[in-house]
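J.: Next one to model:
(4 chains)
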Number of protein chains: 2
Amino acid sequence: MITQKMKYALKALLVLGDEAAKDRPQALTIEEIAKRSGTPKRFLEHILLEVRNAGVIASIRGRSGGYSLLKRPAEISISELLRTIDGPIAPLPCLSRRAYQRCDDCTDEATCRIRKVFAEVFWSYLVIIDSLTLEDMLKSGADQVMGAAQ
Amino acid sequence: MITQKMKYALKALLVLGDEAAKDRPQALTIEEIAKRSGTPKRFLEHILLEVRNAGVIASIRGRSGGYSLLKRPAEISISELLRTIDGPIAPLPCLSRRAYQRCDDCTDEATCRIRKVFAEVFWSYLVIIDSLTLEDMLKSGADQVMGAAQ
DNA sequence: ATAATTGTCTATAATATTTATCGTGTATAT
DNA sequence: ATATACACGATAAATATTATAGACAATTAT
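T.: Numbers count the residues shown, from 1 in each chain, chains lettered A, B, ... in the order given. Presented below is the predicted three-dimensional model:
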């Protein structure tokens, strides 16, 4: 299960993606994004900050400030967002590249049968999820009328 | 990430699977399984009970009692164990068959772009993980000497 | 029978994570 | 200047995870 926080992040990016697709896209305030996506404003604040620090969106401070996409939707990876917001994707800490950690109880990583089996599953899974971008999400509803950010 | 509890469950099943492969397999006590797998005994108690209630292992009470596999390793699904121990595998509650739940904030499931994209990823993932069995884990270290349950 | 052994079940507790909210500071446009 | 809007750290409530403890129930050996 992805966390509620990740859902909020995705909804926010959908809002920003929809905005970016308009004729005259504008930076949107946290308040506006919160309203359009149905996210608690003060919580969204932190989420957008993390997403910004990850280099996905840009912020402008002060009057007429707000947030906007920094990259094109096709270049915004959902799996990277997942790692940013929810932490490692790997099923075991010892299988995460970015956040590798030895299991406390591990005697020998090379012969661990749990690790070996999950490694195979995980590589296959990575191929799927690593290819997913915000563009895929934005397009996936193109044939429908939308309610809110969904 | 799978939980520590799930790791313990897997280790316990590896111990029972190894035992079942012996010439004269015996039911193993919780204490023995805990020792062989490096799991806190009183915690393992609960885990084994859940696994038993899921119909995967059998228990015998009283003197000379213990636990043993109820099915052949090839018929013990890792994804089912995951569902039993860690709960739904689906990335969203609205994508889980067994534990379906509408998202609180959802206005229209049919047009939700988050749901739509994760659904595709999830189905692909399911194909991979649903095919995984305890036998795969037991075999995966067959060419090596093992330390403990790993 | 009874004592020893071993699983069953409920309650409780410590810790970590998730999901926020609040206050204050900083930058910017007008 | 001042209103507006993001930045950042502290804190808190709720929930989940990771156990531990105690009392009970079933079975077997003697």
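
J.: Provide a list of residues in contact with residue A:8.
T.: The contact partners of residue A:8, taken as CB atoms under 8 Å, 6 or more residues apart in numbering or on different chains, are A:37, A:39, A:43, A:44, A:47. Heads up, the C-betas are built off the backbone N, CA and C, glycines and all.

J.: Backbone dihedrals for it, please?
T.: The phi/psi pair for residue A:8 (degrees, to the nearest 10) reads phi -60, psi -40.

J.: Out of the contacts of residue A:8, who's the most crowded?
T.: The residue in the contacts of residue A:8 with the most neighbours, by other CB atoms under 10 Å in any protein chain shown, is residue A:39 (25 neighbours).

J.: follow-up on the earlier one: make CSV out of the contacts of residue A:8 and add pLDDT, secondary structure and distance to chain B.
T.: Formatted as CSV, these follow (pLDDT from 0 to 100; DSSP: H, G, I helix; E, B strand; the rest coil; distance: CB to the nearest CB, whole Å):
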residue, pLDDT, secondary structure, distance to chain B
A:37, 97, helix, 9
A:39, 97, coil, 9
A:43, 98, helix, 13
A:44, 98, helix, 13
A:47, 98, helix, 15
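
J.: from the residues you listed, which two are the most distant?
T.: For the contacts of residue A:8, the farthest-apart pair by CB to CB is A:37 and A:43; their separation is 11.2 Å.

J.: returning to what we had before: now cross-check the contacts of residue A:8 against DNA strand C and list the overlap.
T.: Filtering these for proximity to DNA strand C by CB under 7 Å from any atom of the strand leaves residue A:43.

J.: Residues of chain A that sit close to DNA strand C?
T.: Near DNA strand C, when you scan chain A using CB under 7 Å from any atom of the strand, you find A:3-5, A:40-43, A:45-46, A:60-65, A:86-87.

J.: Which of these fall within strands?
T.: Those of those mapping onto strands are residue A:60, per DSSP state E.

J.: tell me which parts of chain A are close to DNA strand D?
T.: A:28-31, A:45-46, A:48-49, A:52-53, A:59-67.

J.: Now a ChimeraX select for only the buried ones of these.
T.: Buried residues within the residues of chain A next to DNA strand D, by 16 or more other CB atoms under 10 Å in any protein chain shown, are selected in ChimeraX with:
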select /A:28,30,48,59,66,67
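
J.: Restricted to helices, list the residues of chain A next to DNA strand D.
T.: Members of the residues of chain A next to DNA strand D lying in helices (criterion: DSSP state H): A:30, A:31, A:45, A:46, A:48, A:49, A:52, A:53.

J.: Looking at those, which is nearest residue B:114?
T.: residue A:48 (17.2 Å).

J.: The closest one: what's it in contact with?
T.: A:12, A:30, A:33, A:57, A:59, A:67.

J.: want to throw these into JSON lines with pLDDT?
T.: Formatted as JSON lines, the contacts of residue A:48 follow (pLDDT from 0 to 100):
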{"residue": "A:12", "pLDDT": "98"}
{"residue": "A:30", "pLDDT": "98"}
{"residue": "A:33", "pLDDT": "98"}
{"residue": "A:57", "pLDDT": "98"}
{"residue": "A:59", "pLDDT": "98"}
{"residue": "A:67", "pLDDT": "98"}
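
J.: CSV please, covering these and showing distance to chain B.
T.: Output for the contacts of residue A:48, formatted as CSV (distance: CB to the nearest CB, whole Å):
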residue, distance to chain B
A:12, 11
A:30, 18
A:33, 15
A:57, 17
A:59, 23
A:67, 19
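
J.: quick check, nearest of those to DNA strand C?
T.: residue A:59 (9.8 Å; CB to the nearest atom of the strand).

J.: Report the contact partners of that closest one.
T.: Per CB under 8 Å, 6+ apart, neighbours of residue A:59: A:48, A:52, A:65, A:66, A:67.

J.: Distance-wise, check the first one relative to DNA strand C.
T.: What it means is residue A:48. The gap separating residue A:48 from DNA strand C is 12 Å, by CB to the nearest atom of the strand, to the nearest Å.

J.: Same question for the fourth one.
T.: Counting by CB to the nearest atom of the strand, the gap between residue A:66 and DNA strand C amounts to 11 Å.

J.: Report the beta-bridge partners for that residue.
T.: residue A:60 (DSSP bridges).

J.: thought it was touching residue A:31?
T.: No: taking contacts as CB atoms under 8 Å, residue A:66 lies outside contact range of residue A:31: 9.1 Å.
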